[in-house]
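[1] coords please:
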Amino acid sequence: MTPGGSTRAPRSEVKPITSLQNDRIKAIRALDMRKTRKETGLFVAEGASLIVTAREQGHVPETLVYRAGSAGEGIARGLVTWALENGVEVLEVTEAILEKLAAKDNPQSVLAVFKQRWAEPPVVAKLKPPSTWVALEEIRDPGNLGTILRTVDAAGAGGIVLVGTCCDPFARETIRATMGSIFAVPLVRMDRESFLQLCREWPGDIVGTHLSATSDFRKVSYRGPTLLVMGSEGPGLSQALAATCTQLVKIPMAGRLDSLNLAVATALTLFEIRGPHLSLDRQRP
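    The predicted structure is shown next:
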């Protein structure tokens with residue numbers, strides 16, 4: 001059964017491809033464009049480690065592509081076997097083709113095409129006090145988004161809500177920065193009005209970082225379930241979202257700058273909120 005719910009007939013043979021003009025190769029290359037990713041609901045994950053993480057999280061690709069001669073042993077061989085057993089289209093391509101499909105910096109020998117997964121917004125009636133979600137308002141930088149996805153995964157938070165017009169979480173740069181967390185962290189997208197309604201129903205604290213805040217983020221008691229709301233890289237939180245926060249906090253700084261990179265600020269605040277629920281045994285509450 002695919003992520004979308006359709007049933008595939010298992011394929012038993014690898015398909016060798018040697019031409020860049022092959023239609024399947026053209027279709028995969030087109031996924032570099034956001035428009036194509038939006039139209040198809042697909043994205044590319046590159047590298048054995050990301051694909052292994054996807055497998056561990058129950059994601060089965062639509063297509064697996066590997067460089068001829070690279071799947072003789074080890075992880076790559078296991079991935080090809082797994083893909084064939086699950087009826088995945090498996091393409092063996094030349095090095096020249098893989099160079100066109102893979103990232104120009106540090107290209108990998110294997111990549112896969114997956115279906116995008118979007119989650120439903122958290123159901124407030126089911127939230128428990130330890131729960132923490134992160135909302136990002138109109139985040140623009142794919143590297144920041146990927147790093148925040150990885151941080152949310154590490155902190156054991158519930159997921160991420162993308163509010164308004166945001167960068168594409170399924171862009172190649174974002175996927176690479178997540179280090180596989182794209183397959184583990186629920187992603188929700190909401191327009192501003194729908195998100196504000198969620199805030200009105202939220203049973204715990206809604207926390208925002210803001211330059212005008214007077215509370216040190218380390219000295220605040222957070223009432224869970226907690227919703228951490230972060231603004232975009234330049235403007236920060238909009239007035240509408242700042243007004244819905246029950247706690248506005250600030251990260252103290254001693255240098256000349258008055259703000260941090262969005263991913264860094266999110267990580268500091270998130271781990272402060274999640275701190276009481278984390279331990280070195282890696283168990284999530």
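[2] which residue sits closest to residue 121, ignoring its sequence neighbours?
    residue 188 (5.1 Å; Cβ to Cβ, 6 or more residues apart in numbering). Any C-beta I mention is one placed from the backbone N, CA and C, and that applies to glycine too.
[3] Can you show me the strands along the chain?
    In the chain, the strands defined using DSSP state E lie at 15-17, 42-46, 63-67, 89-93, 110-115, 132-137, 159-163, 187-190, 206-209, 215-216, 226-230, 247-250.
[4] do you know which of the ones you listed lies nearest residue 200?
    strand 206-209 (9.8 Å; Cβ to Cβ).
[5] Parallel or antiparallel, which strands does the closest one pair with?
    strand 226-230 (parallel), strand 247-250 (parallel) (DSSP bridges).
[6] Residue 204 contacts residue 228, correct?
    No: using Cβ atoms under 8 Å, residue 204 is not in contact with residue 228; the gap is 10.9 Å.
[7] Most tightly packed of the strands paired with strand 206-209?
    strand 226-230 (a mean of 27; mean count of other Cβ atoms under 10 Å).
[8] For residue 3, give me the pLDDT.
    Per-residue confidence (pLDDT) for residue 3: 43.
[9] no wait, residue 235
    pLDDT, read off for residue 235, is 86.
[10] show me the contacts for the residue nearest to residue 121.
    118-122, 159-162 (Cβ atoms under 8 Å, 6 or more residues apart in numbering).
[11] how does it look with 10 Å?
    118-122, 133, 135, 158-163, 194-195, 198 (Cβ atoms under 10 Å, 6 or more residues apart in numbering).
[12] what does residue 15 give?
    Applying Cβ under 10 Å, 6+ apart, the residues near residue 15 are 22, 24, 63, 65, 89-93.
[13] What residue spans form the domains of the chain?
    Using automatic domain parsing, the domain parsing of the chain gives 15-115, 124-277.
[14] next one: the first one to chain centre, how far?
    It refers to domain 15-115. Taking Cα atoms, centre = their mean, to the nearest Å, the mean C-alpha location of domain 15-115 is offset from the chain mean by 18 Å.
[15] tell me the average confidence for it?
    93.
[16] What subset of the contacts of residue 188 is buried?
    121-122, 133, 135, 158-163, 195, 198 (16 or more other Cβ atoms under 10 Å).
[17] From those residues, pick the one nearest residue 42.
    Using Cβ to Cβ, the buried ones among the contacts of residue 188 come closest to residue 42 at residue 162, 18.5 Å.
[18] separation between that closest one and residue 185?
    12 Å (Cβ to Cβ, to the nearest Å).
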